[in-house]
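1. just the structure for this:
(chains A and B)
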Amino acid sequence: QVHLVQSTTEVKKPGASVKVSCKASGYKFNTYGVSWVRQAPGQGPEWMAWISADNGDTKYAQKFQGRVILTTDTSTSTAYMELRSLRSDDTALYYCAREGRTAVAGHFDYWGQGTLVTVSS
Amino acid sequence: DIQMTQSPSSLSASVGDRVTITCQASQDISTYLNWYQQEPGKAPKLLIYDASNLEPGVPSRFSGRGSGTDFTLSINSLQPEDFATYYCQQYDDLPPTFGPGTTVDIK
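-> Predicted coordinates for the structure are as follows:
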């Protein structure tokens, strides 16, 4: 069965960077993409970005352009999301979700368990 | 960005009730709409895609309807495990956007 397992909780200071990992299993990693979605406390989910695990193509929400970097390691079936210049309003649960291979399909059928990132001085 | 709204923001219901949640898009999205269920402390779970198609494994008491700008999610005969928050999400245009959620709790 499909599993996405994310790295654990992070606590960072404003201005720092965080890198969250998402290890996939149960399917052929490079036949899908991965989207990253975050959810602030008490809020609805917010899509951040997508990466193709096939060819590394990426798409970023305008809000995060220049501050988020997505990568994959196909040898370990792992996707990574790095968020730079952290602010207090970046405090949220960050999820990876399985997605379309060649484009953002918006069809998030499997999700990781979430990684809590807390930004505090 | 396409804005999604949901109503009500919360509702109270009893086991066995039928409930309906409404989602509205700020522009025509055809049927490019998904519904998710999120239990406390868990990731969202895809229930319905393309406005009305049940994801494999989702009980048939869930149903979705609508097209254009107006959509509904209905749950027939509410079960204890259905008390959760429900989100609609459009994928007609980038970025995919989610509604603010509707929380269904026990009356």
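2. A:D89 falls within a strand, correct?
-> No - judged by DSSP: H, G, I helix; E, B strand; the rest coil, A:D89 forms no part of a strand; its state is helix.
3. contact partners for it?
-> The contact partners of A:D89, by Cβ atoms under 8 Å, 6 or more residues apart in numbering or on different chains, come to A:A40, A:V119. Where C-beta positions appear, they are placed from N, C-alpha and C, glycine not excepted.
4. get me the contact residues on chain B for chain A.
-> Residues of chain B lying close to chain A by Cβ under 8 Å from any Cβ of the partner chain are B:32, B:34, B:36, B:42-46, B:49, B:55, B:87, B:89-91, B:94-101.
5. quick check, the residue in chain B closest to chain A?
-> For chain B and chain A, the shortest gap (Cβ to the nearest Cβ) falls at B:Y91, measuring 2.4 Å.
6. residue closest to the middle of chain B?
-> B:W35 (3.9 Å; Cα atoms, centre = their mean).
7. quick one, grab the pLDDT at that residue.
-> The score at B:W35 is 98. That number is its pLDDT.
8. wait, doesn't it sit right on B:Y87?
-> Yes - with contact defined as Cβ atoms under 8 Å, B:W35 and B:Y87 form a contacting pair (7.2 Å).
9. OK, contacts around the residue of chain B closest to chain A?
-> Per Cβ under 8 Å, 6+ apart, neighbours of B:Y91: A:V104, A:A105, A:G106, A:H107, B:Y32, B:L33, B:N34.
10. for those residues, work out which two are farthest apart.
-> Farthest-apart pair in those is A:V104 and B:L33; separation 15.2 Å (Cβ to Cβ).
11. those two: which is more packed in?
-> Applying other Cβ atoms under 10 Å in any protein chain shown to A:V104 and B:L33 shows that B:L33 carries more neighbours, namely 27 against 22.
12. residues contacting that one?
-> B:L33 sits next to B:C23, B:A25, B:D50, B:A51, B:G64, B:G66, B:F71, B:C88, B:Q89, B:Q90, B:Y91 when contact means Cβ under 8 Å, 6+ apart.
13. which of these sits closest to A:T71?
-> Nearest member of the contacts of B:L33 to A:T71, counting by Cβ to Cβ, is B:Y91, at 23.8 Å.
14. buried ones among the contacts of B:Y91?
-> For these, a neighbour count by 16 or more other Cβ atoms under 10 Å in any protein chain shown gives the buried set as A:V104, A:A105, A:G106, A:H107, B:Y32, B:L33, B:N34.
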